[in-house]
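[1] The following comprises the amino acid sequence and a computationally predicted model.
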Amino acid sequence: MKPVKKLKIGTIDVAVWENESKKGDKFFTTTIERSYKKGEEWKKTNSFRMNDLPKAILALQKAFEFASLKED
């Protein structure tokens, strides 16, 4: 399954997923992670540094905007 929307701001990645309840109602969920480089290898974490928070907030706001417009 692929996300219906991906947002990337710097090293912050947010994905919006469309789901369906047992009753058939559709709803959205999100995942968020930060990429970082350890040596030559890129890794991902769900831990954020203080400087990552403004980017995470912006990405989550955009995810909210996307999901809100899709639900109408």
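    Structure received.
[2] Buried residues, stretch 29-43. List them.
    For stretch 29-43, burial by neighbour count (16 or more other Cβ atoms under 10 Å) applies to Thr30, Glu33, Arg34. For the C-beta atoms, the positions are set from N, CA and C on the backbone; glycine is no exception.
[3] An error on my part: the question was meant for stretch 9-24.
    Ile9, Thr11, Ile12, Asp13, Val14, Ala15, Val16.
[4] mind checking which helix or strand the residue nearest to the second one when sequence neighbours are not counted is in?
    The one in question is Thr11. Closest residue to Thr11 apart from its sequence neighbours, by Cβ to Cβ, 6 or more residues apart in numbering: Ser35 at 4.7 Å. Taking DSSP states H and E as the criterion, the element that holds Ser35 is strand 26-38.
[5] Sheet partners, orientation included, of that strand?
    Strand 26-38 sits in its sheet next to strand 12-20 (antiparallel), strand 41-45 (antiparallel), going by DSSP bridges.
[6] quick revisit: I'd like the distance between the residue nearest to Thr11 and Asp13.
    7 Å (Cβ to Cβ, to the nearest Å).
[7] And the residue positioned nearest the centre of the chain, what's its pLDDT?
    Centroid-nearest residue in the chain, with Cα atoms, centre = their mean: Val14, separated by 1.7 Å. pLDDT recorded at Val14 is 98.
[8] wait, what's in contact with it?
    Taking Cβ atoms under 8 Å, 6 or more residues apart in numbering, we find Val14 in contact with Lys6, Leu7, Lys8, Thr30, Thr31, Ile32, Ala56, Ala59, Leu60, Lys62, Ala63.
[9] Counting neighbours, what do you get for the first one?
    When you say that, I think you mean Lys6. Lys6 has 12 neighbours, counted by other Cβ atoms under 10 Å.
[10] just checking, it touches Trp17?
    No. Lys6 is beyond contact range of Trp17, at 10.3 Å (criterion: Cβ atoms under 8 Å).
[11] Low-confidence ranges, the protein, go.
    Judged by pLDDT under 70, the chain has its weakly predicted residues at 71-72.
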